[in-house]
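Engineer: using only what follows, build the 3D model:
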Amino acid sequence: MSIFDTMNQNAPADIHEESDSLGGFSPLETALYGLTIDLAFVTMAQSKAMCLNVHFSTDNKQGLRQQFYVTSGEAKGCKNFYQNAKGEKFFLPGFNQANALCLLTLGKPLGEMVTEVKTINLYDHTVGKEVPTNVEMITALIGQKVIGGVIKQIEDKNKKNDETGEYEATGETRTVNEVDKFFRERDGMTVPEIKAQATESVFKQSWADKWTGQVKDKSSGVTAPAGGATGATNGSPAAPKASTLFA
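Structural biologist: Predicted structure coming up:
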């Protein structure tokens, strides 16, 4: 008799057999994905910019993490909007994304979200590993579902210049995913479509037609120094009032 006698050696028809895989991170291809929110918590950058960190899982359980900077840093007033050369004011892209996520899942804007302190494991650059960390968690978002227009893109690997304190392109690149647009799960509607009281989703298909399968190159084209390797690798003003349109 063996201690392994109870193990099923002949795989049932519905079990997934072992496959050959080299492992490692593999970015999602550009497409529309059903996303479930696993974590949603707020952090503050050294600049005092406020960031909403969201961990998603796709329908096939692949993880996806995104940071949405919802305010500028202290040097620019910690505002959730900016002003262009013409004097026109626009919400920060990160604020629009975070606000849309709240509206399309809970029917309430970001400004009405309530946080509570939770302890999770986060990577600490000082000690070089994940450590228990207290964060302000938006628990109401956990488990909520949304459709995400996810783009596969190439971007620079940046490194801090010790003399200037600024982050500069190293000449190396990496391939990552970025959520470009959110759509309501039940009908594919966007925030602008809902506010316009549209009767059907139109932009979702337009997004899919333009982006599905595409790769966006956001790298600067900076050449790596000689001997360096190159190549792709893998405080907030009041938000808009809630609308019953999103309920």
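
Engineer: so how far is Glu136 from the closest residue to Glu130 other than its chain neighbours?
Structural biologist: With Cβ to Cβ, 6 or more residues apart in numbering as the criterion, Glu130 has its nearest non-adjacent residue at 4.2 Å, and that residue is Asn121. Backbone N, C-alpha and C define where each C-beta goes, glycine included. Relative to Glu136, Asn121 is positioned 16 Å away (Cβ to Cβ, to the nearest Å).

Engineer: element containing Gln97?
Structural biologist: Here Gln97 sits within helix 93-106, counting by DSSP states H and E.

Engineer: run the chain-centre distance for that helix.
Structural biologist: Remark: helix 93-106 is offset 11 Å from the chain centroid, using Cα atoms, centre = their mean, to the nearest Å.

Engineer: what mean pLDDT does that helix have?
Structural biologist: Averaging pLDDT along helix 93-106 yields 96.

Engineer: over to stretch 112-127?
Structural biologist: 92.

Engineer: which parts of it are buried?
Structural biologist: Using 16 or more other Cβ atoms under 10 Å as the test for burial, stretch 112-127 gives Glu112, Met113.

Engineer: quick check: end-to-end length of that stretch?
Structural biologist: End-to-end distance for stretch 112-127: 35 Å, by Cα to Cα, to the nearest Å.

Engineer: try stretch 72-91
Structural biologist: From its first residue to its last, stretch 72-91 covers 10 Å (Cα to Cα).

Engineer: over to stretch 207-218?
Structural biologist: Termini of stretch 207-218 sit 19 Å apart (Cα to Cα).

Engineer: likewise for stretch 62-75?
Structural biologist: The straight-line separation of the ends of stretch 62-75 (Cα to Cα) is 37 Å.

Engineer: can you offset everything so residue one is 4?
Structural biologist: New numbering, starting at 4: the last item is stretch 65-78.

Engineer: buried residues in that stretch?
Structural biologist: So for stretch 65-78, counting by 16+ other Cβ under 10 Å, buried means Leu67, Gln69, Phe71, Tyr72, Val73, Thr74, Ser75, Gly76.

Engineer: tell me the contacts of the spatially most central residue of the chain?
Structural biologist: Nearest to the mean C-alpha position of the chain, by Cα atoms, centre = their mean, lies Gln69 at 2.1 Å. By Cβ atoms under 8 Å, 6 or more residues apart in numbering, the contact list for Gln69 reads Asn56, Val57, Phe59, Gln100, Glu181, Val182.
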